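# how does the following fold in three dimensions:
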Amino acid sequence: MAKATKLEGTSAEFQYSLVAGAVTGGGLIVIANAPNPAGFSILKGSFEDEAIHPLGLLVAALPPTFISILAFQLL
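As a prediction, the model looks like this:
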């Protein structure tokens, strides 16, 4: 098993928060990394006129994002 290296000048709590934020924010990756051809081809059939609407994507991404946040808070 690889040993985790500590970032200079950061606490373990900060590192945990950084990783937790990255994982929970992953639900909006299609918007953040636009254009994302693979994500677009997977999602376009779920939207009217096969065009991804950012607000619809945001609403769809909220439930799994909140579940991830709760999992990090409770576990």
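# so where's this protein shaky on pLDDT?
For the chain, the stretches with pLDDT under 70 are 1-7, 24-36.
# residue ranges for the helices of this structure, please.
For the chain, the helices defined by DSSP state H cover 12-24, 29-32, 37-43, 54-74.
# could I get the ones you listed as TSV with mean neighbour count?
From N, CA and C alone the C-beta is placed, and that goes for glycine too. As requested, these are arranged in TSV below (neighbours: other Cβ atoms under 10 Å):
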stretch	mean neighbour count
helix 12-24	12
helix 29-32	14
helix 37-43	12
helix 54-74	13
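# quick check: Ser11 vs Val23, distance?
19 Å (Cβ to Cβ, to the nearest Å).
# now swap in Phe14 and tell me
15 Å.
# equivalent analysis for Tyr16, please.
Taking Cβ to Cβ, one finds Tyr16 at 11 Å from Val23.
# for Gly9, same thing?
Distance, Gly9 to Val23, using Cβ to Cβ: 23 Å.
# repeat for His53
Applying Cβ to Cβ to His53 and Val23 gives a distance of 25 Å.
# again, but for Ile52
Counting by Cβ to Cβ - Ile52 and Val23 are separated by 22 Å.
# and Ser17, by the same measure?
According to Cβ to Cβ, Ser17 stands 11 Å off from Val23.
# same check on Pro64?
Counting by Cβ to Cβ, the gap from Pro64 to Val23 is 11 Å.
# same check on Ser68?
The value you get for Ser68 to Val23, if Cβ to Cβ is used, is 6 Å.
# same question for Val59.
20 Å.
# got it, and Ser46?
Ser46 is 23 Å from Val23, by Cβ to Cβ.
# again, but for Glu48
Noted for Glu48: a distance of 30 Å to Val23, by Cβ to Cβ.
# and what of Gly45?
Taken as Cβ to Cβ, the span from Gly45 to Val23 is 26 Å.
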